[in-house]
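S.K.: what's the 3D shape of this:
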Amino acid sequence: MSITTMRNEVKYFEDKLKYTVGPMELEEMIKSPECVRVIDVRETEDYDKGHVPGSINLPQDKWDTAEGLDFSKVNVMYCYTQQCHLATKACLKFARKGFKVMELEGGWAAWKEFGLTVETGSMRKAA
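M.R.: From the prediction side, this is the model:
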């Protein structure tokens, strides 16, 4: 393995830790709401069926509003699954606008798989 390849691998994993969060870590972060804002980028009807407690629904057709995001907090985005790239696309879009962002690894599927608390209803939608 070349030195360049090794450096690239190290950088990748350093960045992964900096810009992604697992379900259990996010659950802990939510206990300090002054530090984090959770953004669900799934479709509204899916959000209404169940979402991470306290999360704000901001489906892709509303991204231009950036409503619900906060420049002073880390905005954690999540979508459906690890293979769904909506949260990754949202993170890229909002990072370009200057927001601090992270992605929930595994998305909604991982949150449910860990048996974490689920909130239902449409109380926290972005307009």
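
S.K.: quick one, strands of this protein?
M.R.: Counting by DSSP state E, the chain has these strands, from start to end: 20-21, 36-40, 56-57, 74-78, 100-104.

S.K.: closest one to residue 29 among the ones you listed?
M.R.: strand 36-40 (4.6 Å; C-beta to C-beta). The way it works is simple: take the backbone N, C-alpha and C, and place the C-beta from them, glycine included.

S.K.: what angle do the closest one and strand 100-104 make?
M.R.: 60 degrees (axes from the mean of the first three to the mean of the last three C-alpha atoms, to 10 degrees).

S.K.: what bridges to the spatially most central residue of the chain?
M.R.: Closest residue to the average C-alpha location of the chain: residue 77 at 1.7 Å, with C-alpha atoms, centre = their mean. Legend: beta-bridge partners of residue 77 under DSSP bridges are residue 39, residue 103.

S.K.: give me the pLDDT for residue 32.
M.R.: As predicted, residue 32 sits at a pLDDT of 83.

S.K.: cool, residue 7 as well?
M.R.: pLDDT, residue 7: 82.

S.K.: start the count at 298 instead of 1 going forward.
M.R.: New numbering, starting at 298: the last item is residue 304.

S.K.: burial count for residue 351?
M.R.: 14 (other C-beta atoms under 10 Å).

S.K.: one step back: Throw the strands of the chain into CSV and include mean pLDDT and distance to residue 362, thanks.
M.R.: Compiled in CSV, the strands of the chain are given as follows (pLDDT from 0 to 100; distance: least, C-beta to C-beta, whole Å):
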stretch, mean pLDDT, distance to residue 362
strand 317-318, 97, 24
strand 333-337, 97, 12
strand 353-354, 96, 11
strand 371-375, 98, 14
strand 397-401, 98, 16
